[in-house]
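**Q** Okay, sequence plus prediction incoming.
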Amino acid sequence: MFSPNEILNDLPISRLPRRVLSYTQIGSTMDAAREHLHSAGEDTLPMLVIAGEQTAGRGRQKRPWYAPPESALLFSLALRPSWMRPADASVLVWMTGVALCEGIQEQVGIEPRMKWPNDVLLQSKKIAGILLETSSGQDSLHYAVLGCGINVSASPPPETVRYPATHLTAVLNHEIDRLALLRAVLVRLDYWYSNLQDDMGSTRVTLFKTWHDKLETLGKHIQIQTASGMLEGVAEDVELSGALRLRDTGGGMHLISSGDIFGPPIHQS
Ligand code: BTN
């Protein structure tokens, strides 16, 4: 795994990350980041926790997330954004999705798209996933851990995933410099996080628009698993809150704040 020096050397960032913890193997970078948050001084945050391999990596809905050693970028950011209201936490997911898309595009020259709410796609297949775990009080976030897994040279076997997945090497047909990719993503994360911290109001609007424009899901006929069951229909748009507006096959409208889109097929409506 890359050393903190290799990651940070001459990186044009202003405040993210301030500290890097790098492991060859770990259970989950999410847990390590959360443990560090309990005792971490402000001067060490945001902190990047990165691993070459995870033995207990997890995805959304507590699903396992496994990648062969050194085949992916597996990292979490430990943040203490006390200036954010709990209701705004989804902005962190938009920020991460947008930063992953921008970093990948800069490194490989192809523009990724997104599957609502937070999967990064290349050629309509999942290339990266994002996991946000937070703890909050009534008015502010106590902490947030943002986890990212980018498939670089391997992707999970088809029978283990709910949506077609791929990896960067397969799409591009050449090897990818994982360190360069990580650094490119960090530069974009730093850009957006610094802007959010300095001017939440206008950066939230810009991020929403940027995230919205990357959503491949919009206008498509989808099947989505929600807390209240499976729904099928057209994903018409997203609200400013980030919730998805789905018109079901009977014409009913649903506002979905969290769910899992299945595939394939995703066909044009
Ligand atoms: C998803 O698409 O379900 C989210 C996947 C998030 C995976 C990353 S890998 C690094 C970090 N550590 C974890 O255990 N999970 C996240």
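**A** Thanks, I have the structure now.

**Q** so what's the most centrally placed residue in the chain closest to, chain neighbours aside?
**A** For the chain, the residue nearest the mean C-alpha position is I130 (2.7 Å; Cα atoms, centre = their mean). Closest residue to I130 apart from its sequence neighbours, by Cβ to Cβ, 6 or more residues apart in numbering: N118 at 4.3 Å. Every residue, glycine included, has its C-beta placed from N, CA and C.

**Q** Quickly note the distance from that neighbour to S90.
**A** 9 Å (Cβ to Cβ, to the nearest Å).

**Q** before we move on, the earlier item: let me know how buried the residue nearest to I130 is, in neighbour terms.
**A** Residues near N118, counting by other Cβ atoms under 10 Å, number 22.

**Q** Residue of the chain nearest the ligand, please.
**A** Going by Cβ to the nearest ligand atom, the ligand is nearest to G129 of the chain, at 2.1 Å.

**Q** buried residues in the helix or strand where that residue lies?
**A** Assigned by DSSP states H and E, G129 belongs to strand 125-136. Buried positions in strand 125-136, judged by neighbour count with 16 or more other Cβ atoms under 10 Å: K125, K126, I127, A128, G129, I130, L131, L132, E133, T134, S136.

**Q** Near the ligand, which residues of the stretch 101-250 of the chain are found?
**A** Contact residues, the stretch 101-250 of the chain versus the ligand (Cβ under 6 Å from any ligand atom): D119, G129, I130, L131, G147, C148, G149.

**Q** show me what contacts the third one?
**A** Put plainly, it is I130. Taking Cβ atoms under 8 Å, 6 or more residues apart in numbering, we find I130 in contact with V93, T96, G97, L100, N118, D119, V120, L146, G147, C148.

**Q** tell me the two of the residues of the stretch 101-250 of the chain next to the ligand that are most distant?
**A** Pairwise distances across those (Cβ to Cβ) peak at 13.0 Å, for the pair D119 and G147.

**Q** what's near enough to touch the nearest residue to S257 once chain neighbours are set aside?
**A** Spatial nearest neighbour of S257, excluding adjacent residues (Cβ to Cβ, 6+ apart): A243 at 4.5 Å. A243 makes contacts with L255, I256, S257, as judged by Cβ under 8 Å, 6+ apart.

**Q** how far away is the last one from L77?
**A** Relative to L77, S257 is positioned 23 Å away (criterion: Cβ to Cβ).

**Q** Low-confidence stretches in the stretch 151-269 of the chain?
**A** Counting by pLDDT under 70, the stretch 151-269 of the chain shows low-confidence ranges at 263-269.

**Q** Report the secondary structure state of A56.
**A** coil (DSSP: H, G, I helix; E, B strand; the rest coil).

**Q** Strands of the chain, start to end?
**A** For the chain, applying DSSP state E gives strands covering 19-26, 47-54, 72-79, 113-115, 119-122, 125-136, 141-151, 220-226, 229-238, 244-248, 253-256, 259-261, 267-268.

**Q** for those strands, which one ends up most surrounded?
**A** By mean neighbour count, with neighbours taken as mean count of other Cβ atoms under 10 Å, strand 72-79 ranks first of the strands of the chain at a mean of 26.

**Q** partners of it in the sheet?
**A** strand 47-54 (antiparallel), strand 141-151 (antiparallel) (DSSP bridges).

**Q** For R63, which of those strands is the nearest?
**A** strand 141-151 (11.5 Å).

**Q** relative orientation of that closest one and strand 125-136 in degrees?
**A** 170 degrees (axes from the mean of the first three to the mean of the last three Cα atoms, to 10 degrees).

**Q** quick one on the thing from earlier: for the residues of the stretch 101-250 of the chain next to the ligand, which one is nearest D10?
**A** Nearest to D10 among those: C148, at 22.3 Å, using Cβ to Cβ.
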